[in-house]
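Enquirer: sequence? don't have it. structure:
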């Protein structure tokens, strides 16, 4: 077997019967740049490795080789100790036992904040979410029996969503703390769904770190532990599929997506709480479009994302911004510069309003990719908006 990434790339390029120029044309990079990578003069970027892997159909071998070429990320940065968030303690003694109307009101408050989070910055909702979770958790600690259990489940649900909004705000340590806190509360309340879904959320953190192995492992743990319902298991299988795609394994990704589809069909409504996970009409197909892009199959990704984004309501700005950015990136990676710029221009307002740290991950990749056509008229036109959204002055 070849030793370096360049040697491995040359081996599979020749086996596929492609010249260096032909491969360069297929991935929309220059022959000279590809030659430097193949001759180990330049290290491969994750994007180039993913594109070559997809074109040469080598099942993740080039993605893995590129990852081994790069220095490993330290895992210590994702650990958080000694945090005193969400203690749930009240001053001034116990409160009266809340009745059903009070509990319903707190649940409504959470649903309103969650609805607001669909189309505005996470910074708008984070502090109200933390305050509400603190209140609900404190009441749960003061009450036993069915009332206490109901409150504890609600506190866990709020903590889970607070973790997601923390991630959207760019606070990975806070996201991890709130997610694990949600898992602890849900176990205490006997709620297997949130306990399992916490692993799906952690898996999502790994996905945005481009850590395929951790993404898969955590998503699989979500499916193995407890007695979670079909919807949570479907979302866990969906995340596992995205991890396999990140690793370049399309076969394993499609198997996981098929399993997720079967489970989601059997899922029951998540009443009385808002459903865990995405609220989009077809979350599996959107994720599949995302995964095809990670596999380097950008033309297929564009087809899926074009079709599915048309079904997302205009009120779901966060979803439209997230997958719209991924669609613009897929167009750019396919060499469709004008279409990429048109796609990006159509969703500038959505991206600006939701102010998402995770979306900015793809925006940075989009800016880097379009930068190869920096003299193109459409690229020059959108460049100021792209820089503004990335915080460049």
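Expert: Perfect, I can see it now. Given the structure is predicted, the values throughout are model-derived calculations rather than measurements.

Enquirer: only C-alpha atoms for contact and neighbour calcs from this point on.
Expert: OK.

Enquirer: give me the neighbour count for the closest residue in space to residue 50 that isn't next to it in sequence.
Expert: Closest residue to residue 50 apart from its sequence neighbours, by Cα to Cα, 6 or more residues apart in numbering: residue 296 at 5.2 Å. Neighbourhood size, residue 296 [other Cα atoms under 10 Å]: 28.

Enquirer: roughly how far apart are residue 296 and residue 384?
Expert: 28 Å (Cα to Cα, to the nearest Å).

Enquirer: same thing with residue 368?
Expert: Distance of residue 368 to residue 384, computed by Cα to Cα: 14 Å.

Enquirer: same question for residue 277.
Expert: In terms of Cα to Cα, residue 277 sits 34 Å off from residue 384.

Enquirer: for residue 255, same thing?
Expert: Noted for residue 255: a distance of 42 Å to residue 384, by Cα to Cα.

Enquirer: show me where the stretch 101-250 of the chain has strands.
Expert: With DSSP state E, counting those that start in this stretch as the definition, the stretch 101-250 of the chain shows no strands.

Enquirer: which one's more surrounded, residue 277 and residue 384?
Expert: The neighbour comparison of residue 277 against residue 384 (other Cα under 10 Å) goes to residue 277, with 16 against 13.

Enquirer: in three-state terms, how would the more buried one be classified?
Expert: Three-state call for residue 277 (DSSP: H, G, I helix; E, B strand; the rest coil): coil.

Enquirer: hang on, it packs against residue 234?
Expert: No. If you go by Cα atoms under 8 Å, residue 277 and residue 234 don't touch, sitting 10.2 Å apart.

Enquirer: skip the chain neighbours and tell me the closest residue to the one residue sitting closest to the centre of the chain.
Expert: Centroid-nearest residue in the chain, with Cα atoms, centre = their mean: residue 204, separated by 5.1 Å. Leaving out its chain neighbours, the residue that sits closest to residue 204 by Cα to Cα, 6+ apart is residue 215, at 6.8 Å.

Enquirer: burial of that neighbour, as a residue count?
Expert: Neighbour number of residue 215 under other Cα under 10 Å is 29.

Enquirer: cool, and residue 311?
Expert: Residues lying near residue 311 (other Cα under 10 Å) number 12.

Enquirer: pull up the gap between it and residue 323, please.
Expert: Separation of residue 311 from residue 323 (Cα to Cα) stands at 12 Å.

Enquirer: what do you get for residue 137?
Expert: Residue 137 is 34 Å from residue 323, by Cα to Cα.

Enquirer: residue 156 now?
Expert: Going from residue 156 to residue 323 by Cα to Cα gives 28 Å.

Enquirer: residue 131 now?
Expert: From residue 131 across to residue 323, the span is 31 Å (Cα to Cα).

Enquirer: the two - which one has more neighbours?
Expert: Set residue 131 next to residue 323 and count neighbours by other Cα under 10 Å: residue 323 wins out with 22 against 13.

Enquirer: correct me, but the more buried one touches residue 286?
Expert: Yes. Counting by Cα under 8 Å, residue 323 touches residue 286, with 7.3 Å between them.

Enquirer: what do these two both touch?
Expert: 305, 309 (Cα atoms under 8 Å, 6 or more residues apart in numbering).

Enquirer: for residue 212, what are its contacts?
Expert: Taking Cα under 8 Å, 6+ apart, we find residue 212 in contact with 206, 243, 244, 246, 247.

Enquirer: can you put those residues in CSV and add pLDDT, neighbour count and distance to residue 102?
Expert: Formatted as CSV, the contacts of residue 212 follow (pLDDT from 0 to 100; neighbours: other Cα atoms under 10 Å; distance: Cα to Cα, whole Å):
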residue, pLDDT, neighbour count, distance to residue 102
206, 93, 20, 37
243, 97, 31, 41
244, 97, 26, 44
246, 95, 29, 45
247, 95, 27, 48
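
Enquirer: any idea which of the residues you listed is closest to residue 3?
Expert: When those are compared for distance to residue 3 (Cα to Cα), residue 247 wins out at 19.3 Å.

Enquirer: pLDDT weak spots in the stretch 251-393 of the chain?
Expert: Low-confidence segments of the stretch 251-393 of the chain, defined by pLDDT under 70: 268-275, 279, 281, 392-393.

Enquirer: before we move on, what's the pLDDT of residue 82?
Expert: Looking at residue 82, its pLDDT stands at 29.

Enquirer: again, but for the one 5 residues further on
Expert: pLDDT recorded at residue 87 is 42.

Enquirer: thank you, goodbye.
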